[in-house]
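> Requesting a structural model of the entry that follows:
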Amino acid sequence: MENPAENPAAILTRAIARAQELKLSYAGALLPAEAHALTLHLPGAKLVDVRTRAELEWVGRVPGSIAVEWNT
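Down below sits the predicted model:
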């Protein structure tokens, strides 16, 4: 993260603002690159993949992620 605007706090602030702007029902909307940056730079950060079992099997899994099927 050479760019100071790309620190974890800035990424989380943008994700929260994005979710509010899009009127999402959850707290933050991370882009894939932002999620990746957070997993690299925040100790203990985990990526939770919430796709269906079919998506996980047919599309593939994200290396190092925790799979939790959203539609169970």
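> any idea how far the spatially most central residue of the chain is from Leu47?
For the chain, the residue nearest the mean C-alpha position is Ala35 (4.0 Å; C-alpha atoms, centre = their mean). Taking C-beta to C-beta, to the nearest Å as the measure, Ala35 falls 6 Å from Leu47. The way it works is simple: take the backbone N, C-alpha and C, and place the C-beta from them, glycine included.
> Gly60 now?
Gly60 is 14 Å from Leu47, by C-beta to C-beta.
> Please spell out which residues along stretch 32-51 are buried.
34-35, 37-38, 47, 49, 51 (16 or more other C-beta atoms under 10 Å).
> Using JSON lines, lay out those together with secondary structure, pLDDT and distance to Ile16.
Shown next, in JSON lines, are those (DSSP: H, G, I helix; E, B strand; the rest coil; pLDDT from 0 to 100; distance: C-beta to C-beta, whole Å):
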{"residue": "Glu34", "secondary structure": "helix", "pLDDT": "94", "distance to Ile16": "12"}
{"residue": "Ala35", "secondary structure": "helix", "pLDDT": "91", "distance to Ile16": "14"}
{"residue": "Ala37", "secondary structure": "helix", "pLDDT": "92", "distance to Ile16": "16"}
{"residue": "Leu38", "secondary structure": "helix", "pLDDT": "92", "distance to Ile16": "13"}
{"residue": "Leu47", "secondary structure": "coil", "pLDDT": "91", "distance to Ile16": "18"}
{"residue": "Asp49", "secondary structure": "strand", "pLDDT": "91", "distance to Ile16": "21"}
{"residue": "Arg51", "secondary structure": "coil", "pLDDT": "90", "distance to Ile16": "23"}
